[in-house]
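Trainee: Below is the sequence, then the predicted model.
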Amino acid sequence: MTVNEQKLKDRSMKPIVFTLLLFSFYCCATGQKSQPAFGKIDKADLEMKDCDFDKGADALTLIDWGNVFFRRGKDFFNTVFETRVRIKILKEAGLSYANVSIPYFDENNEEQIQKITAYTYNLDESGNIKKTEVGKSSIYSKRINKRHSVMIIAFPEAKVGSVVEYKYTMEIQTWTDVKDWYFQSRIPTKYSEYQVNIPTAFHFTIQPSVVDKMDVTEDFSEDNVALNDGMYTVKMLKKNYVMQHLRGIKNEPFMGSPKDYMQRLEFQLSQLDYGNGQLVNLTKKWSDIVEILMKNNDFGLQLEKKIPGSETIIASASKLPDIEAKTKLIYNFVRKKMTWNEEEHIFSEDGVIKAWDNSNGNIADINLLLVNLLKQAGLTSYPILFSTREHGLVNDFYTFLTQFNTVMAYVKDGEKFYILDATDKISSHKLIPEAVANTKGFIVKPENGEWIEAIDITHKYKVLAAVHGDIDSTGVMKGNCLVNSDEYAKRERSEKWMKDKEKFKDEYFTKPYAKVKIDELTVNNAELDSLPLEQKIQFTYALNNSGDYRYFTVNLFSDLDDNPFIADQRLADIDFGYMQDYMIFGSYTIPEGYTFETLPENISMMMPDNSIVFNRFLQAEDNLLNARITVSFKRTFYPATDYPDFAAFYKKLIAKLNEQIVIKKKTAP
């Protein structure tokens, strides 16, 4: 089974998500306990010290309520979204939830936020409830780019123990959009309710990703709507979805986006029902999306722009003998010239020509510019849309561009392909960008586009450590080590080295090895993508001792010193992003008068599916010990259902790696 087949198999083991028409969705009628009105609060909520169903939480969402309905707009219907949120601050870290950011799409006023009201609740020294309205100066809009802004609500009176509450209305100039609803978030949720009020003529498809109990009620009514040609009676469907007592989704090692594991409802308008069996299908195909994008001035039309002053680099590329050489030249040129402004988007902000002139732009400016130049050089290149692992998984059933948060360049080279991100100053052109490794991308090309799995089966996260140590009679080892980090390890470590050298030293060489003192660290090749990152270390290692015995480990500077998988249970899948290889070579001399008392066994150990293989060979002769250790991860992805077996093996692996060498002082004859 190939890595690609294995990954597809693994992903298919996720909980099955059913797609059903909204109006035929199974419902379970149940009465709901009414929630305190906005502006009214129970004293018990202010006296609360912890969340009883998710102990130790930083904050707790007491109420998360949303309501969607349609009203007469300028042309047809507008969608109106009302929301109300109440949050209890339980710890200092929870104060971040007293600074609320509400993103919205404000190009041509397509989304407008209205009627914002916010309060902070506290107990005064006498134990009485103090209610403070958030002033207008603490509620303001901040522009992100020409399409997007964010509404900020700051609660200046918030402190540990406070409850903050806000509500607002968002009006959207479209009748095709019902906002998705997330019942869960990073903090626990006590009560979450979503009300959807829709004319029965609008058929929405719903994708529920729900595991816990969800109570659903429905009710039909009639409403009169005035349209251009008269008054019409419209049949309305109101559905209420309620979930309660949901634990927060916390970070777990090597997980993808936390939102992939949040229980939610996702909506897509699929049909318009004119009655008498007249149904109009409104679902777009990916071929429609390709056509829309290629005609868009901020996307496809940017690929046709003539870039002033690009003739020299295009001429240089044309002289090179093959596709890879041309690709590498243009890729390196663009990423050297351009500076990323840290904004992710699939649309160009001000156009590739302005970005070129300013040597600056968002990720779409830079990578659409890259595609433009690659095409000018005669290469088969297209934009490719991604949702980064941090942003979340895409679903190719839903033709929503909002699923994507970035665009990169795709180049076809015979049976090979390259995925390039020119905002990355470090990665080789051969590597799939780390942010999208092990995800799915959509190539925007005629006629229908193409989905591909961005899986790198050739390149790995590679670390090689060659250690030499001399132990003296006082139990101190003086030594040196050469660590070579290659491919994905090179990319990760080079970025961290160039960003903060002291933090780099601390993360990789100081914190993991408490007994080891780094006397000197030299790093080479950080900016040369053709060579491994070379880290040369001089170190002093104070061995543990007990009487005549000394103890040390040969698992030094391997990047496998600790076990991140210590939780008994796990919600998220394990997504490494790439395969991994680790090699440790060591030679150690012990002082005269000492002998090797205990050596760990030579061993080969592997997972039942051979996806992780561990080998160790130790050989001692006189006062010299030679060590060779290899660990190979041949899978990139493990579903959460495999976690118990994976965690058990990983625990054993780390224990074996950290087994101690024991030397003993010889007794006098």
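Mentor: Yep, that arrived. Because the structure is predicted, anything quoted here is derived from the model rather than measured.

Trainee: Return the backbone torsion pair for G39.
Mentor: Main-chain torsions, G39, degrees, to the nearest 10: phi 90, psi -10.

Trainee: Can you tell me the number of residues neighbouring the closest residue to it other than its chain neighbours?
Mentor: Nearest residue to G39 in three dimensions, chain neighbours excluded: Y119, at 6.4 Å (CB to CB, 6 or more residues apart in numbering). No exception for glycine: its C-beta is placed from N, CA and C like everyone else's. The local packing of Y119 (other CB atoms under 10 Å) involves 19 other residues.

Trainee: Can you name the next helix or strand after the helix or strand encompassing Y119?
Mentor: Element membership for Y119 (DSSP states H and E) is strand 111-123. Using DSSP H and E, the helix or strand that follows strand 111-123 in sequence is strand 129-133.

Trainee: And the contacts of that next one?
Mentor: Residues outside strand 129-133 that contact it (CB atoms under 8 Å, 6 or more residues apart in numbering): 39, 41, 43, 46, 117-124, 157.

Trainee: how far is that strand from where the chain is centred?
Mentor: Relative to the mean C-alpha coordinate of its chain, strand 129-133 is positioned 38 Å out (CA atoms, centre = their mean, to the nearest Å).

Trainee: That strand vs strand 111-123, what angle?
Mentor: Going by axes from the mean of the first three to the mean of the last three CA atoms, to 10 degrees, strand 129-133 is angled at 150 degrees with respect to strand 111-123.

Trainee: where in this protein is pLDDT low?
Mentor: Where the chain drops to pLDDT under 70, the residues are 1-33, 73-76, 224-232, 668-669.

Trainee: hmm, back to that, who wins for most neighbours among the contacts of strand 129-133?
Mentor: Y121 (24 neighbours).

Trainee: Spell out the residue ranges of the helices in the stretch 451-600 of the chain.
Mentor: Ranges of helices in the stretch 451-600 of the chain, per DSSP state H, counting those that start in this stretch, are 488-499, 501-505.

Trainee: Which elements pack onto the longest one?
Mentor: For helix 488-499, the elements it packs on are strand 460-471, strand 476-487, helix 501-505, strand 533-542, judged by 3 or more CB pairs under 8 Å, 6 or more residues apart in numbering; DSSP states H and E.

Trainee: check contacts around the spatially most central residue of the chain.
Mentor: The structure's the chain has its C-alpha centroid closest to E390; by CA atoms, centre = their mean the separation is 1.0 Å. Taking CB under 8 Å, 6+ apart, we find E390 in contact with G256, S257, A435.

Trainee: Tabulate those (CSV), appending secondary structure and neighbour count.
Mentor: Formatted as CSV, those follow (DSSP: H, G, I helix; E, B strand; the rest coil; neighbours: other CB atoms under 10 Å):
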residue, secondary structure, neighbour count
G256, coil, 23
S257, coil, 17
A435, helix, 20
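
Trainee: Check those residues against A640 and report the nearest one.
Mentor: G256 (11.3 Å; CB to CB).

Trainee: thought the closest one was touching V394?
Mentor: No - with contact defined as CB atoms under 8 Å, G256 does not count as touching V394 (11.5 Å).
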